[in-house]
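Trainee: sequence? don't have it. structure:
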């Protein structure tokens, strides 16, 4: 299923993006970094967007959809980056990857009718995401988070999940009328409106080095690639199933954190990763 495969492509882009985010969040500041990534993504897409004919003929309602996508996405990325400043990838990534449940539920309320096999595959993938989040290594995962930070971590993960879920629905709707790249480009400056209140009181970092700016633009490119892939699923049947492909993000992010950040992965988490792989594979072929 093309929608699922586009979701998997987005998951891979966001997994690499989040390894960089975890590396730079404390140095740059989570909310300031979120704002810079939105600006970088907008700059990278500007060359295509300013020559697009669909934007000049778009209906006001469609432009409002794209703007709403930006507002929702701003909350999603702000919550995610702040969560990364409080906890490791092996905790934050699987928790925020739970938002595909909300997207699929939205689809069901609006006519999506999964087959029994698709129901089972989706349940297996989401159960795997829960296991990856819940069962951390004794010397890693959730055990490395300060107890006093747990409520804030959970709150920002929830904010991120709701924001991303709304962004998927809005982005796919806007992409059908004006194109996935155009919808993504329009969402970048509007996302800054959501992020702006969080910037109040955040510590201003020392001047950033070249490697920090390079990381910001790399995150901006990976971020818009993920959003474009999910928005593109709006052109295909059962677009909501792209969200199930995204659920593989929790597993791929954990594996990359193991390889590059040396975070520890428990045996149960490997079992969860296996369940995610099975569920997404079955959905892709069903």
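Mentor: Great, that's in hand. Keep in mind that what you see is a predicted model, and the values were worked out from it rather than measured.
Trainee: longest helix in the chain, by residue count?
Mentor: For the chain, the helix with the greatest residue count under DSSP state H is helix 150-178.
Trainee: next one: it to chain centre, how far?
Mentor: Centre-to-centre, helix 150-178 and its host chain are 8 Å apart (Cα atoms, centre = their mean, to the nearest Å).
Trainee: quick one: name whatever helix or strand follows it.
Mentor: Counting by DSSP states H and E, the next helix or strand C-terminal to helix 150-178 is helix 180-199.
Trainee: before we move on, back to that, who does the longest helix of the chain touch, helix- and strand-wise?
Mentor: Applying 3 or more Cβ pairs under 8 Å, 6 or more residues apart in numbering; DSSP states H and E, one finds that helix 150-178 makes contact with helix 53-56, helix 60-84, helix 89-96, helix 100-109, helix 180-199, helix 210-232, helix 242-246. Glycine gets a C-beta too; all of them are placed from N, C-alpha and C.
Trainee: quick one: buried residues of the fifth one?
Mentor: Meaning helix 180-199. Residues 180-188, 190-192, 194-195, 198 are the ones in helix 180-199 that count as buried (16 or more other Cβ atoms under 10 Å).
Trainee: any weak-confidence spans in the stretch 101-250 of the chain?
Mentor: Scanning the stretch 101-250 of the chain for pLDDT under 70 picks out 101, 133, 136-143, 239-241, 243-244, 247, 250.
Trainee: can you rerun that using 80?
Mentor: Applying pLDDT under 80 to the stretch 101-250 of the chain flags the ranges 101-115, 118, 121-122, 125-126, 129-130, 132-147, 149, 201, 205-206, 236-250.
Trainee: picking up where we left off before, check which residues of the longest helix of the chain are buried.
Mentor: Applying a neighbour-count criterion of 16+ other Cβ under 10 Å, the buried positions in helix 150-178 are 152-153, 156-175, 177-178.
Trainee: so what's residue 169 closest to, chain neighbours aside?
Mentor: Among residues not flanking residue 169 along the chain, residue 106 sits closest, at 5.6 Å (Cβ to Cβ, 6 or more residues apart in numbering).
Trainee: so the one you found makes contact with residue 167?
Mentor: No. Counting by Cβ atoms under 8 Å, residue 106 does not reach residue 167; the two are 11.9 Å apart.
Trainee: most tightly packed of the helices and strands packed on helix 150-178?
Mentor: Highest mean neighbour count of the helices and strands packed on helix 150-178: helix 242-246, a mean of 30 (counted as mean count of other Cβ atoms under 10 Å).
Trainee: host element of residue 37?
Mentor: Using DSSP H and E, residue 37 falls within helix 30-49.
Trainee: please list the residues outside that helix that contact it.
Mentor: Helix 30-49 is contacted from outside by 21, 24-25, 28, 55, 74, 77-78, 80-82, 84-85, 181-182, 184-186, 188-189, 191-192, 195-196, 198-199, 202, 204-205, 216-217, 219-221, 223-224, 227, using Cβ atoms under 8 Å, 6 or more residues apart in numbering.
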